[in-house]
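Asker: predicted model follows, preceded by the sequence.
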Amino acid sequence: MHRVLARIRGGVVAAACTLLVAGLAQASPTFYTTEAAFFTNLTGPSHTLDFEGLPVSTLLPSGSVVGGIAFTYTIPGFTMQIRDDFGTTSGTHYLGVNSIDGTFLSGDAFTMTFVSPVTALGLYVIGAPGANVAGDFELTALGSGSVFNSATPDISLADGDAYFLGIIDPAGFTIADMNGTTTNCDPATGCQYVWNVDDITTAGLPSVPEPSSLFLLGSGLAGLAGLGWRRTRQ
């Protein structure tokens, strides 16, 4: 009988290890260029920062925290600002800069640091109609990888094209960069395109079980063993 129980317990441990390995294999980051696919694979509660709660023209100096996200950047001569000059993906407000037309340019970038680790990040980048190509916009989660916009916008607005960028990583991350790349620019002539950002969606890591919960989990396994189981700025 003791040998039978030992074999059963060994089988439970082996099964648990197999599930753990399978879980780790499934924990690889996934990348999205459509909002629908991103939300289909999103698990747990999420929050979308749409900037509607901030008055138009509100300045966000580098280091400002909005909706649990600290925005840091270096854009010489300009400051991030809440704008409503052009169409956007929800409401009327979006994130731009305090220039004449309120837009970021190719080569501009900013960093988002999350107050709490997140397992998912998705956002819309809005460019001028027909002005962008695949790879103009890059979203990078530190330690998880990067996703670039596709050639086709996820949403076509009356005065712009909206590209979705999303990353889901069950392991979590705390820092992400949004970049208007110059990868597709001619080295001799360069290039200039405009963009803004809206609808930043995040989902957090599940809470860490209390020690008592971990103890109960261990007890449960023991019990199973016993049973046998991306316009010109001016």
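Answerer: On my side now, so go ahead.

Asker: quick one: the helices in the chain, in order.
Answerer: Here the chain has its helices, by DSSP state H, at 2-26, 35-40, 211-227.

Asker: mean pLDDT lowest where, among those helices?
Answerer: Least confidently modelled of those is helix 211-227, at a mean of 38 by mean pLDDT.

Asker: next one: the residue nearest the centre of the chain from residue 73, what distance?
Answerer: Centrality entry for the chain: nearest residue to the mean C-alpha point is residue 121, 1.7 Å, by Cα atoms, centre = their mean. Distance, residue 121 to residue 73, using Cβ to Cβ, to the nearest Å: 17 Å. The way it works is simple: take the backbone N, C-alpha and C, and place the C-beta from them, glycine included.

Asker: also residue 32?
Answerer: Taking Cβ to Cβ, one finds residue 32 at 24 Å from residue 73.

Asker: what does residue 79 give?
Answerer: 9 Å.

Asker: identify the contacts common to those two.
Answerer: residue 62 (Cβ atoms under 8 Å, 6 or more residues apart in numbering).

Asker: the strands in this structure, which residues?
Answerer: 30-32, 46-49, 59-60, 64-66, 69-72, 80-83, 94-97, 104-105, 109-127, 137-141, 145-148, 155-157, 160-180, 194-204 (DSSP state E).

Asker: kindly export the second one (C-alpha atoms) in PDB.
Answerer: The C-alpha trace of strand 46-49 is given here as PDB (Å, rounded to 0.1, in the frame of the first residue of the first chain):
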ATOM      1  CA  SER A  46      -8.800  46.200 -17.800                       C
ATOM      2  CA  HIS A  47      -8.700  50.000 -17.800                       C
ATOM      3  CA  THR A  48      -8.700  52.400 -20.800                       C
ATOM      4  CA  LEU A  49      -7.200  55.900 -20.500                       C
END
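
Asker: pull out the buried residues from that strand.
Answerer: 46, 49 (16 or more other Cβ atoms under 10 Å).

Asker: what part of this structure, helix or strand, is modelled with the least confidence?
Answerer: Least confident helix or strand, the chain: helix 211-227 with a mean of 38, by mean pLDDT, DSSP states H and E.

Asker: which one is residue 30 nearest to, not counting chain neighbours?
Answerer: Leaving aside its sequence neighbours, residue 30 sits nearest to residue 168 (Cβ to Cβ, 6 or more residues apart in numbering; 5.0 Å).

Asker: so that neighbour bridges to which residues?
Answerer: Beta-bridge pairing of residue 168 under DSSP bridges involves residue 30, residue 120.

Asker: and the gap between it and residue 98?
Answerer: 33 Å.

Asker: go ahead and confirm the residue nearest to residue 30 touches residue 27.
Answerer: No: with contact defined as Cβ atoms under 8 Å, residue 168 does not count as touching residue 27 (10.1 Å).
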